[in-house]
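Colleague: Model the structure of this input:
(one chain, ligands or ions: 1)
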Amino acid sequence: MEIINVCIAPAPVTLSDDFCADDRTSGVASDELGIAAMKNIRTIAAANGIAKDAAFGAVTPPLYLSSNFAFREFEHEQEYEYSRTSNPTRNLLADTLAKLEGGGGAIVTSSGMAAVHLVLSLLHPGERVVAPHDCYGGTHRLLAALHDKGHFEVEFVDQQNEGALAAALQLGAALVIVETPSNPLMRVSDIEAISRQAKSVGARLAVDNTFLSPALQQPIALGADFVIHSTTKYLNGHSDVVGGAVIAANSIDLENLQSWANMTGVTGSPFDSYLTLRGVRSLFPRIERQQRTAGAVADFLDQRSEISVVHYPGLATHPNHELAQRQQSGFGAMLSFELNGGIAAVRRFVAALKIFTLAESLGGIESLIAHPATMTHVGMGAEARLAAGIGEGLLRVSIGLEAEEDLLSDLASSLAAIA
Ligand code: PLP
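Modeller: Residues are numbered from 1 along each chain as shown. You can find the predicted model right below:
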């Protein structure tokens, strides 16, 4: 378990003007939708595909639920034939996500795990994957299960430890997976440095950007070949869709992934795509507001004697604070903390909460609290959890859009209830 020195008085978490996503551009010059004027990715999130409906001039892009499309004539090749392969509503979401991430294209999948699996489908038996030992429990479980079935080799390493990563790569690797900030310990990995290390042994780099979204981090610009999302989280943002996406940096990978997604049928539904695009429209204001409150919550928890450590990259005492400041456009709205008193204290604390809901998932408009050891990371097994530093007193929090003062008072009264 990583011990963070909490004796140093932390600086309050604040977001300076130059630490926001306002001025970044997508790197996309123009496209067939005629949006060359959209230079700032905020505009892309809000307006990609708006008022482009050729049929009726609908301002909001229509939802095409149809599973199939009529052939205009016999032996006619056309873009839309069958919705597993291609669907206008899903394609607009994919186009928007690709532009937000600065990628060559995207595949929208039925879940975040389907997106992880889609990237893994590029591997051949005998090839090696190097993954973080503290990644999302579902990703850990999938990698271990596919390894056990002989699909590929996998090695879980502490990616914070440069030596351990270098040693793992020395044995050869086809794919490196990075999850930053990590779930649930909020460790920040240096994407650019890992990309260099991966490329030096010919490995591809996939970054799970679920915790920050493209509003706060853009891995392709830092050398990633693939960006993975559970769009269930910040991109949809309203906890009413399970979905995922893979954004590929280049078109060859994109075609390969598209072909696998079509063959295996993991593409997302049009209705979910519609809802997710609707969520993307408000991504920036949501996450900015949520991270402001998260900073205040982290400051508050950090002062409390009932808590031994707060994991939030925005705290000056966080071991990766400087890296987060350099690599991210914001510290995000996820944090975790270690409650003194172990599982008994956790039980009393969560039972007393009135606004935070005890539930899995994250990134929605509602504030959630999860106990990784018995919930999100239970599938990892006790040994792997211990190795990753996920203890019984650890709680993970996703900050929503409720008023900061209400959240702070909910936490204060629930901490008081432990005693
Ligand atoms: N990646 C991360 C970082 C996650 O937190 C999750 C789910 O919590 C996933 C991937 C899997 O996404 P989904 O639940 O949409 O399948």
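Colleague: Show me what the helix or strand containing Gly279 is in contact with.
Modeller: Assigned by DSSP states H and E, Gly279 belongs to helix 270-281. Residues external to helix 270-281 that are found in contact with it (C-beta atoms under 8 Å, 6 or more residues apart in numbering): 45-46, 49, 61, 63-65, 83, 87, 89-90, 92-93, 96-97, 100, 108, 110, 231, 235-238, 240-243, 268. Backbone N, C-alpha and C define where each C-beta goes, glycine included.
Colleague: So which bits of the stretch 1-150 of the chain are right by the ligand?
Modeller: 111-113, 136, 138-139 (C-beta under 6 Å from any ligand atom).
Colleague: picking that back up, filter the contacts of helix 270-281 down to the buried ones.
Modeller: Applying 16 or more other C-beta atoms under 10 Å to those, the neighbour count classes 45-46, 49, 61, 63-64, 83, 87, 89-90, 92-93, 96-97, 100, 108, 110, 231, 235-237, 241-243, 268 as buried.
Colleague: Filter these down to the ones in helices?
Modeller: Judged by DSSP state H, the buried ones among the contacts of helix 270-281 include 45-46, 89-90, 92-93, 96-97, 100 as members of helices.
Colleague: Tell me if His124 really is in a strand.
Modeller: No - according to DSSP: H, G, I helix; E, B strand; the rest coil, His124 belongs to no strand; its state is coil.
Colleague: so it makes contact with Glu153?
Modeller: No - using C-beta atoms under 8 Å, His124 is not in contact with Glu153; the gap is 10.7 Å.
Colleague: Could you check which of those two has the larger neighbour count?
Modeller: A side-by-side neighbour count of His124 and Glu153, using other C-beta atoms under 10 Å, places Glu153 first with 17 against 8.
Colleague: So which residues make contact with stretch 375-394?
Modeller: With C-beta under 8 Å, 6+ apart, stretch 375-394 has contacts from 1-2, 133-134, 136-138, 140-141, 156, 183-185, 308, 336-343, 345-346, 360, 370-373, 396.
Colleague: mind listing which of those residues are in strands?
Modeller: Cross-referencing these against strands under DSSP state E gives 156, 308, 336-339, 370, 396.
Colleague: tell me which of those residues is nearest to Ala416?
Modeller: Leu339 (13.2 Å; C-beta to C-beta).
Colleague: Any idea what the closest one is bridged to?
Modeller: Beta-bridge partners recorded for Leu339 (DSSP bridges): Ile307.
Colleague: Can you report how many residues lie near it?
Modeller: With other C-beta under 10 Å as criterion, Leu339 counts 26.
Colleague: what separates it from the ligand, distance-wise?
Modeller: 21 Å (C-beta to the nearest ligand atom, to the nearest Å).
Colleague: and that residue, what is it in contact with?
Modeller: Applying C-beta under 8 Å, 6+ apart to Leu339 gives the contacts 306-308, 345-346, 349, 393-395, 418.
Colleague: and with 6 Å instead?
Modeller: 345-346, 393 (C-beta atoms under 6 Å, 6 or more residues apart in numbering).
Colleague: where does this protein have low pLDDT?
Modeller: Where the chain drops to pLDDT under 70, the residues are 1-36.
Colleague: Most proximal residue of the stretch 51-200 of the chain with respect to the ligand?
Modeller: Using C-beta to the nearest ligand atom, Gly112 is the residue of the stretch 51-200 of the chain that sits closest to the ligand, at 2.2 Å.
Colleague: So what pairs up with Gly105 in the strands?
Modeller: In this entry, Gly105 is beta-bridged to Ala248, by DSSP bridges.
Colleague: That one - how many residues pack around it?
Modeller: Neighbours around Gly105, by other C-beta under 10 Å: 21.
Colleague: That one against Leu254, yeah?
Modeller: Yes - look at Gly105 against Leu254 with C-beta atoms under 6 Å: they come within range, at 4.1 Å.
Colleague: Counting neighbours, which of the contacts of stretch 375-394 end up buried?
Modeller: Using 16+ other C-beta under 10 Å, the buried ones in those are 133-134, 136-138, 140-141, 156, 183-185, 308, 336-339, 341, 345-346, 370-373, 396.
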